[in-house]
Every structure is written in structure tokens, then in C-alpha cells.
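K.L.:
how does the following fold in three dimensions:
(2 chains)
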Amino acid sequence: MKGSNMKTRKLSIGVLGVIAVLALGSCSSDSETITVDGAWARTSPMNTELGAVYMNITAAEDDALVSATVDSSVAMSASVHETTMNADGTMAMQEVEKVALPAGTAVSFEPGGYHIMLMGLNQPLSLGDTVTVTLTFESGESVSVDAEVRDQAP
Amino acid sequence: MVKSPTVKLLAPDACATLSHKCATIFVSAAISMLAASCSSEPRALQGIVRDSPLHVEEVSLPDVSNTGDGETPFTMRAATGELLFVYFGYTSCPDLCPTTLATWKAALRQVGDDAARVDTVFVTVDAARDTAEILNGYVGSFVDRYHVLRTTDPAELQSALDAFLAAATIETAADGKVEVSHTTVAYMVDDRGDVIVEWPFGTNADAMSGDLKILLEDVRQRI
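P.N.:
Okay, here's the model as predicted:
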């Protein structure tokens, strides 16, 4: 049910897109609807091969983040994680299948919430480095994000 | 009429846009602060202050710090005129633990020279993976003066957690993934072995350093 709605909606977006492109003639053929800002990664402490990347993601149309990848020269793998609080007040993180991105709403990936976790870092994330992660969305769009390595959130 | 002290609700940057989780923490923090403000010490501490402080001096755990002798256990009481920052965590923690330790590092920097009177204690809840070597490098990445505590006896760890009203569980899934749940509160312990303030996850460096200055002055005056 949901899937078919989605298809209908995608189709209508597609049709609208085609109309828009036709109307504007020379408009760029890019159909980018995702905006990412404020991307940063925390410096990784000594003796750990894990890192976390944070950012704000805004989708112009309803979408969802479905996966994250990182170049193998940086880390073995990347995944989308969420830290949540349990009933007893303890906190834990787990991998999430997707993160919903309602149209026009900035979704924050920040400490204590969603983050892109990097596993198996080849070298520590040091102050001033830039780490690039590639995000893939349900719509099929894919975005490369350069995150500055910092001690604290910008 | 006694003017009631202003209770300022924390609005840490890290939590500004966080969902109900933080709201819950800070509402409870606010309630605790209100409760505290009705007692004898109407001060502008931003962390949680209990009416009756937790006493943790009985807690003693193996100290695996490079600086220690490897034999003398560490007791949860600050040296006279000093304070301890205590955190239960694990090093394979990419989000919460480094966030709190980085915030703590920033708070110490804000306090300046007086921060020399503060010791940092990191208790691993994941002794299976956190060796002494890993712990020393990890915590040493944030602060110069620290103790890393590690016990391989689950009962000993549990009794330490209990004293702080904290909790931690580790589960290994069938695919080998280890999932750790832990209390993410940071505790300040004084030279009587009392927990004098608790900072929930998301407390920012300004709030921590503000509290720290007040508390350091308190312990100085008691000398």
C-alpha cells in the first residue's frame, strides 16, 4: 500500500520535473533535492577505530536516508546509527535501516541522536582533516559529504 | 520574603534540536533543581543536585592507569580540596563517550589553572574489550590527569554502578555485534566521597565549567 502510494507520488514528481525542465528549457538536468550542511566528524581518541560524522540533512521532497558508505582508504565501513535512551535511563546505539526526511525539514544528525558511524578507521581522525562520506537516499539520489574533523560541534 | 533562586533550565547546544529524550532529561533535571533550590543551598548549579547526596566513598575499583602501581585500588573520594569527575563508559563508543569527554575537556579549559584540582575517573563497563593499554590511550586523549578503572569481576562493577545509581549492560548478538547500554551521566565527587552534582548527557561545557567553579570554591573553603 505504502509502496504503491510512493510510486504514484514519485511518478507525479517525475512528471512535474519533466514539465519544469521543459518549461525552463536550459535548466540543469540534475534532480538534486537533498541539502546537507554543518557536516563534521569528531576527532577520534587514541586506541579506537571508530568515528562519528554529524550533519543536518534537508530533503526538498519526502525522502529517507538509507545508507552511508566511506572510501576504503578512510575506514572499513560506514553505517547509519541512532543513539536512544532506554526505559531505565541508560543509552545505547543501534544501526537503523533508514532515517525519514520529511520534505523541507532539516533532520539533525548530532551527538546523542543519529550519526554516521565509521568502523575500522585506517588512521585516527585528526583535527583539520576532512572525511568524505557518501549518503544514499530512498529516492535513488546519492550525495557526497565532506565533513571537517573537529573536537566539538561547529 | 526570601527570594527564590532563579532556576535556569539547561539548553545545551548538543540537545537544542534533540527530541523528547533530551526533553525528558532536562525536565527531570529541572525538577531536581527545583527540589534542590528549596533546600538549604540555593545556588545556581546547572546540573542535578540531590537533596541527599549519594555517598560513594565505599566504591573501590582496580586502577589500571599508567600512573598507578597496578596494585592499589582507586577509591571514589577526591583528595582534600579537590574534585573527581566520574564517568562509566567504554572505548568502542563513537558517539556518547567522546562527546561527553570532549565537552568535559572544554569545560576544564574554561576553568583554567584551577582545573589542576580536578581528577578524571573513567570506569570501563566493557572490560572484555577495554584493556588497560586501550583505556590509558583513550582517556589520555582528552585529559592529562586521570585514572582508568577496570574490573573483570561483574559483581564488583555492579556494586560500583549501584552506588552511583547507574546501570550498564552488554549483550553480544548472534552475529557477534556487541551492544552496550550505559548510564551517560557524569558525576562530580568531592573530598568527602559525596556526589555533589550530576550532569546528564547533553550538558554543555559552559554549564559544566560554571558548576565546576562554584564547586571548586566550595571545597577550597572547607580546607
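
K.L.:
use CA for all of it now, contacts and neighbours both
P.N.:
Fine.

K.L.:
quick one: contacts for the residue nearest to B:Ala132 when sequence neighbours are not counted?
P.N.:
Of all residues beyond its chain neighbours, the one nearest B:Ala132 is B:Val64 (5.6 Å), with distances taken as Cα to Cα, 6 or more residues apart in numbering or on different chains. By Cα atoms under 8 Å, 6 or more residues apart in numbering or on different chains, B:Val64 lies in contact with B:70, B:132, B:136, B:147-150.

K.L.:
now for the residues you listed: which two are most distant?
P.N.:
Spatially, the most separated pair among the contacts of B:Val64 is B:Gly70 and B:Asn136, at 12.6 Å (Cα to Cα).

K.L.:
just want to know which of the two has more residues nearby.
P.N.:
Neighbour totals were compared for B:Gly70 and B:Asn136, and B:Asn136 leads with 22 against 13 (other Cα atoms under 10 Å in any protein chain shown).

K.L.:
could you give the average pLDDT over the strand or helix carrying the more buried one?
P.N.:
Following DSSP states H and E, one finds B:Asn136 within helix B:132-140. Across helix B:132-140, the average pLDDT comes to 96.

K.L.:
pull out the buried residues from that helix.
P.N.:
With burial defined by 16 or more other Cα atoms under 10 Å in any protein chain shown, the residues of helix B:132-140 counted as buried are B:132, B:134-140.

K.L.:
re the thing from before, TSV for the contacts of B:Val64, including secondary structure and distance to A:Ser126?
P.N.:
What follows is those, written out as TSV (DSSP: H, G, I helix; E, B strand; the rest coil; distance: Cα to Cα, whole Å):
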residue	secondary structure	distance to A:Ser126
B:Gly70	coil	31
B:Ala132	helix	23
B:Asn136	helix	18
B:His147	strand	24
B:Val148	strand	23
B:Leu149	strand	26
B:Arg150	coil	27
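
K.L.:
tell me the one of these nearest chain A?
P.N.:
Of all those, chain A sits closest to B:Asn136, with 8.8 Å by Cα to the nearest Cα.

K.L.:
tell me which residues touch that closest one, please.
P.N.:
B:64-66, B:148.

K.L.:
please determine how far it is located from B:Val121.
P.N.:
For B:Asn136, the distance to B:Val121 (Cα to Cα, to the nearest Å) stands at 11 Å.

K.L.:
now the common contact residues for these two.
P.N.:
Common neighbours of B:Asn136 and B:Val121 (Cα under 8 Å, 6+ apart) are B:Val148.

K.L.:
now do the phi/psi pair for the residue most central in space within chain B.
P.N.:
Closest to where the C-alpha atoms of chain B average out (Cα atoms, centre = their mean) is B:Ala186, at 2.2 Å. With angles defined as degrees, to the nearest 10, B:Ala186 shows backbone torsions of phi -100, psi 140.

K.L.:
A:His115 against A:Lys98, yeah?
P.N.:
No: contact criterion Cα atoms under 8 Å: A:His115 and A:Lys98 do not qualify, at 11.8 Å.

K.L.:
between these two, which is the more surrounded one?
P.N.:
Using other Cα under 10 Å as the criterion, A:His115 and A:Lys98 rank with A:His115 on top: 25 against 15.

K.L.:
neighbouring strands of the helix or strand harbouring the more buried one in the sheet, and parallel or not?
P.N.:
Using DSSP H and E, A:His115 falls within strand A:114-121. Sheet pairing of strand A:114-121 (DSSP bridges) gives strand A:50-59 (antiparallel), strand A:75-85 (antiparallel).

K.L.:
most tightly packed of these?
P.N.:
Sort the strands paired with strand A:114-121 by mean neighbour count, taking mean count of other Cα atoms under 10 Å in any protein chain shown, and strand A:50-59 sits at the top with a mean of 24.

K.L.:
could you point out which element follows that one?
P.N.:
strand A:63-70.

K.L.:
what sits closest to the residue most central in space within chain A if chain neighbours are left out?
P.N.:
With distances taken as Cα atoms, centre = their mean, A:Leu135 lies nearest the centre of chain A, 4.9 Å away. Setting aside the residues directly before and after it, A:Leu135 is nearest to A:Ala68 in space (Cα to Cα, 6+ apart), at 4.5 Å.

K.L.:
and the one you found, what does it touch?
P.N.:
By Cα under 8 Å, 6+ apart, the contact set of A:Ala68 is A:78-80, A:116, A:133-136.

K.L.:
of those residues, which is the nearest to chain B?
P.N.:
Nearest to chain B among these: A:Ile116, at 9.7 Å, using Cα to the nearest Cα.

K.L.:
for B:Leu157, helix, strand, or coil?
P.N.:
Under DSSP: H, G, I helix; E, B strand; the rest coil, B:Leu157 falls in the helix class.

K.L.:
number of residues surrounding the closest residue to it other than its chain neighbours?
P.N.:
Nearest non-adjacent residue to B:Leu157, counting by Cα to Cα, 6+ apart: B:Thr151, 6.4 Å away. B:Thr151 has 18 neighbours, counted by other Cα under 10 Å.

K.L.:
any idea which element B:Thr151 lies in?
P.N.:
Per DSSP H and E: B:Thr151 is located in neither a helix nor a strand.

K.L.:
list the contacts of the residue lying closest to B:Leu161 once chain neighbours are set aside.
P.N.:
Among residues not flanking B:Leu161 along the chain, B:Ala167 sits closest, at 5.7 Å (Cα to Cα, 6+ apart). Taking Cα under 8 Å, 6+ apart, we find B:Ala167 in contact with A:90, B:158, B:161, B:181-183.

K.L.:
what backbone torsions are found at B:Ala167?
P.N.:
phi -150, psi 150.
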